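In: the sequence and its predicted three-dimensional model are supplied below.
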Amino acid sequence: MSAVVSGGIPLRRYHSFALSVKAEILLLPSQEEAVPEAASQATYIIGEGSNILPLGNLPAVLSTRYLRGYQVLKEENDTVVVEIAAGENWDGWVRFCIAQGWHGLENLAAIPGSVGAAVVQNIGAYGVELAPFLLSVYGWNRRIEAWQDIPADACRLGYRHSLFQEEAWRDQFVITRVTLRLSKRFEPVLTYPDVLARIDPTQQHDPWHVYETIRAIRSEKLPAEGSAGSFFKNPILSLSELRTLQKKAPEVPFHPQPDGKFKVSAAWLIDRAGLKGHRIGNALVHPRQPLVLVNTGSATPDELWSLAQHVRDTVMEKWGIPLEMEVRPLFPHPSKP
Ligand code: EPU
């Protein structure tokens with residue numbers, strides 16, 4: 001089954017920036033069998049639209065949000081292998097897992113978006129990343145017109161990166177199912193400073209307590225609506241790039257990465273460039289988490305785009321660091337459908 005709606009469909013409900021933009025065609029497959037036909041018409045492929053910035057009215061948009069369901073593929077003593085339809089809501093899935101006694105995802109509480117998008121972005125928060133739980137991804141490759149099962153180690157997962165963001169795969173591959181391995185034992189990850197400030201790691205904790213604590217931390221910092229979460233990625237620098245930055249910004253927070261590089265706080269760079277609360281029209285740099293750009297109600301795509309450029313240019317000028325967007329801009333006239 002696939003609903004196809006055409007003729008200027010408002011996209012406000014279909015993306016988290018809640019802009020007044022439209023799609024010429026909106027394709028909403030609710031069953032996997034409908035995906036190939038829908039994909040053949042689509043310009044852009046999205047999930048719940050929580051990581052996109054539509055820059056005007058769009059041509060044909062396929063959303064996988066109505067692909068729902070899950071099945072347990074294998075149960076072992078300590079782990080369970082589950083396949084989840086890509087359109088399931090991520091946070092709903094995390095809560096479902098806790099209720100089933102399946103663990104590992106608690107720190108990824110309250111991240112907006114769908115299960116499929118969680119893989120595309122390789123979501124991460126509060127010391128936990130999706131990557132180690134992923135076994136494989138299944139979907140329709142419209143370029144070769146075939147279903148493909150892609151093992152996790154071929155998904156090129158990195159910090160906020162996956163194969164599915166790359167040119168050859170973006171808008172070419174519709175993720176319809178995701179397979180995860182979860183643990184039946186609850187081993188909380190309580191390493192992140194914000195979490196340690198609220199949870200004593202020497203005590204035993206209920207998974208719901210960890211989940212609710214993460215939720216509370218997020219809701220204090222991040223706006224409930226009108227944003228796509230972090231707009232920029234934290235820059236990853238080599239040691240010599242870090243040393244150069246530290247000459248200008250000795251206090252910049254950084255975290256060593258497993259590959260010998262250093263992840264630097266983009267929020268800090270934006271904050272110390274004086275941009276917190278900066279506004280262009282109704283687009284705002286969030287005053288509590290400056291990595292987040294917000295539509296305060298009736299922002300236009302141009303206002304958000306100008307604000308993003310302004311943040312990028314100012315950070316470049318002050319710190320010499322190019323910020324990479326995490327949010328994906330969708331252009332009204334894509335050069336390549
Ligand atoms: N900071 C400031 N000023 C501020 C806020 C933060 O200087 O106003 C500095 C502080 O030094 C703070 C540091 O930034 O310690 C880090 O802030 P935070 O803990 O909020 O984390 P982040 O690196 O800014 C990342 C993710 C978030 C995720 C948090 C928690 C990215 C791009 N963002 O933000 O993800 O929730 O860590 O793990 O990696 C998202 O992707 O939408 C998102 C919200």
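Out: Arrived safely, thanks for sending. Remember, predicted model here, so these are calculated numbers, not experimental data. Residues are numbered from 1 along each chain as shown.

In: ok, residue 307 - contacts?
Out: In this structure, residue 307 makes contact with 278-280, 283-285, 293, judged by CB atoms under 8 Å, 6 or more residues apart in numbering. Where you see a C-beta, it was placed from the backbone N, CA and C, and this is true even at glycine.

In: between those, which is closest to the ligand?
Out: The closest of the contacts of residue 307 to the ligand turns out to be residue 285 (CB to the nearest ligand atom; 9.7 Å).

In: was I right to think the closest one contacts residue 271?
Out: No. Between residue 285 and residue 271 no contact is recorded; they are 9.2 Å apart, counting by CB atoms under 8 Å.

In: out of the two, which sits in the busier spot?
Out: It is residue 285, of residue 285 and residue 271, that has more neighbours when counted by other CB atoms under 10 Å, with 25 against 16.

In: what pairs with that one across the strands?
Out: For residue 285, the residues forming beta bridges with it (DSSP bridges) are residue 293.

In: likewise for residue 53?
Out: Counting by DSSP bridges, residue 53 is bridged to residue 329.

In: my guess is it contacts residue 302. True?
Out: No. Taking CB under 8 Å as the contact criterion, residue 53 and residue 302 are not neighbours in contact, 11.0 Å apart.

In: which one's more surrounded, these two?
Out: Each of residue 53 and residue 302 has its neighbours counted (other CB under 10 Å); residue 53 has more, 24 against 13.

In: gap between the more buried one and the ligand?
Out: 13 Å (CB to the nearest ligand atom, to the nearest Å).

In: cool, and residue 153?
Out: 23 Å.

In: please see if the longest helix seen in the chain touches the ligand.
Out: Ranked by number of residues, the top helix in the chain under DSSP state H is helix 301-319. No. Applying CB under 6 Å from any ligand atom, one finds helix 301-319 separated from the ligand by no less than 12.5 Å.

In: list, one by one, the residues from this structure near the ligand.
Out: Counting by CB under 6 Å from any ligand atom, the residues of the chain lying close to the ligand are 125-126, 160, 194, 221-222, 229-230, 233-234, 253, 265, 267-268, 271, 289-291, 326.

In: isn't residue 85 up against residue 71?
Out: No. With contact defined as CB under 8 Å, residue 85 does not count as touching residue 71 (9.2 Å).

In: those two: which is more packed in?
Out: Remark: of residue 85 and residue 71, residue 85 carries more neighbours, 24 against 11, as counted by other CB under 10 Å.

In: contacting residues around that one?
Out: For residue 85, the set of contacting residues under the criterion of CB under 8 Å, 6+ apart consists of 32, 67-70, 115, 176-177.

In: tell me the buried residues within the residues you listed.
Out: With burial judged by 16 or more other CB atoms under 10 Å, the buried subset of those is 32, 67-68, 70, 115, 176-177.

In: quick one: mean pLDDT over the longest helix of the chain.
Out: The average of the pLDDT scores along helix 301-319 is 98.

In: how about stretch 175-192?
Out: For stretch 175-192, mean pLDDT rounds to 97.

In: ok, now stretch 287-294?
Out: 96.

In: so what's residue 237 bridging to?
Out: Note on residue 237: beta-bridge partners by DSSP bridges are residue 262.

In: residue 99: how many residues sit nearby?
Out: Burial measure for residue 99: 10 neighbouring residues, criterion other CB under 10 Å.

In: sticking with it, tell me its helix or strand.
Out: Under the assignment given by DSSP states H and E, the secondary-structure element containing residue 99 is helix 90-100.

In: so what does the helix or strand following that helix touch, helix or strand wise?
Out: The C-terminal neighbour of helix 90-100 among helices and strands, as given by DSSP H and E, is helix 115-121. Applying 3 or more CB pairs under 8 Å, 6 or more residues apart in numbering; DSSP states H and E, one finds that helix 115-121 makes contact with helix 90-100, strand 173-183.

In: and the next helix or strand past the last one?
Out: Moving toward the C-terminus from strand 173-183, the first helix or strand encountered (DSSP H and E) is helix 193-196.

In: who's in contact with the very next helix or strand once past that next one?
Out: Scanning forward in sequence from helix 193-196, with DSSP H and E defining helices and strands, the next element found is helix 207-221. Contact with helix 207-221 is made by 94-95, 98, 103, 106-107, 109-110, 125-126, 186, 188, 190, 194-195, 198-199, 288-289, as judged by CB under 8 Å, 6+ apart.

In: among these, name the buried ones.
Out: Of all the contacts of helix 207-221 considered here, the ones buried according to neighbour count by 16+ other CB under 10 Å are 94-95, 98, 103, 106-107, 109-110, 125-126, 186, 188, 190, 194-195, 199, 289.

In: which stretches of the stretch 1-150 of the chain have low pLDDT?
Out: When the per-residue scores of the stretch 1-150 of the chain are filtered using pLDDT under 70, the ranges that remain are 1.
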